[in-house]
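In: fold the following and give me the result.
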Amino acid sequence: MLLELSDALAGDIEVLSNILKCLLHSVVQSEAHPQNLNFPRVEGGQNLVHHAEVVVSQQLVKWRGRVFIGNDELTVLPPIEIDFSGLPEGAPRILDHRAKWVKRSAEFKGTKALVADLQQDLRAQLTGVAVAAYRALRVRDYGRIDLRLTSAGEIYVIEVNASCYLEKSAEFAMAAAVAGLEFQALVNRLVELAVERYG
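Out: Presented below is the predicted three-dimensional model:
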């Protein structure tokens, strides 16, 4: 698999390096918050993080999602970020299972997706990294690139999601709606893109 990736991405070594660096960050010690990181145990007392957007060293402070529609030509939708400000003090700033699906939990109630208010230069940097990751992994039709931004301004690719959640209230549909693309039109556009590929 890695050999196939390295052959396919020969021209995208920097992007691949960034992705692999994030995967290495994905194996984290869970002793500080074992109740919040409920992932399978592996040797050495570490937990393997399955949802890459949950990958946190404590330095990765902002979650930013960039979403795209297209193949040869990309439509870049408005950036979405997760607001963690409603989480209890000391809780890790992550989107774990409870934050996503357990509606009565403090994690679910304490997080929300919103349109990111970004300065133009930062928006351009995030978009550049996200587009490079989208292209490097040859995503087709649509996708969401999850990023973490450190307090020092470093950008980490956390996940390249080539089949992100398409429910009406999810981040992808939210970004499309902000761009003026209502849900039915969004779904129709994705179908059109797939049909175009198969001609």
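In: would you tell me what the next helix or strand after the helix or strand of the chain at the bottom of the mean pLDDT ranking is?
Out: In the chain, the helix or strand scored least confidently by mean pLDDT, DSSP states H and E is strand 46-48, which has a mean of 32. Beyond strand 46-48 on the C-terminal side, the first helix or strand identified by DSSP states H and E is strand 60-70.
In: I'd like to know the average pLDDT value across that next one.
Out: Strand 60-70 shows a mean pLDDT of 76.
In: and stretch 73-90, by the same measure?
Out: 90.
In: buried ones in the helix or strand residue 188 falls within?
Out: In the assignment (DSSP H and E), residue 188 maps to helix 183-198. Neighbour-count burial for helix 183-198, counted by 16 or more other C-beta atoms under 10 Å, picks out 186, 189-190, 193. Glycine gets a C-beta too; all of them are placed from N, C-alpha and C.
In: in this protein, where is pLDDT below threshold?
Out: Scanning the chain for pLDDT under 70 picks out 1-62.
In: helices of that one, start to end?
Out: For the chain, the helices defined by DSSP state H cover 2-8, 13-25, 97-101, 106-109, 120-136, 171-178, 183-198.
In: next, the angle from the last one to helix 171-178.
Out: Between the direction of helix 183-198 and that of helix 171-178, the angle (axes from the mean of the first three to the mean of the last three C-alpha atoms, to 10 degrees) works out to 110 degrees.
In: list the helices and strands helix 183-198 packs on?
Out: strand 60-70, helix 171-178 (3 or more C-beta pairs under 8 Å, 6 or more residues apart in numbering; DSSP states H and E).
In: ok, which of the ones you listed comes nearest residue 156?
Out: strand 60-70 (6.1 Å; C-beta to C-beta).
In: before we move on, back to that, could the helices of the chain go into CSV alongside distance to residue 85?
Out: Shown next, in CSV, are the helices of the chain (distance: least, C-beta to C-beta, whole Å):
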stretch, distance to residue 85
helix 2-8, 37
helix 13-25, 23
helix 97-101, 13
helix 106-109, 12
helix 120-136, 19
helix 171-178, 17
helix 183-198, 28
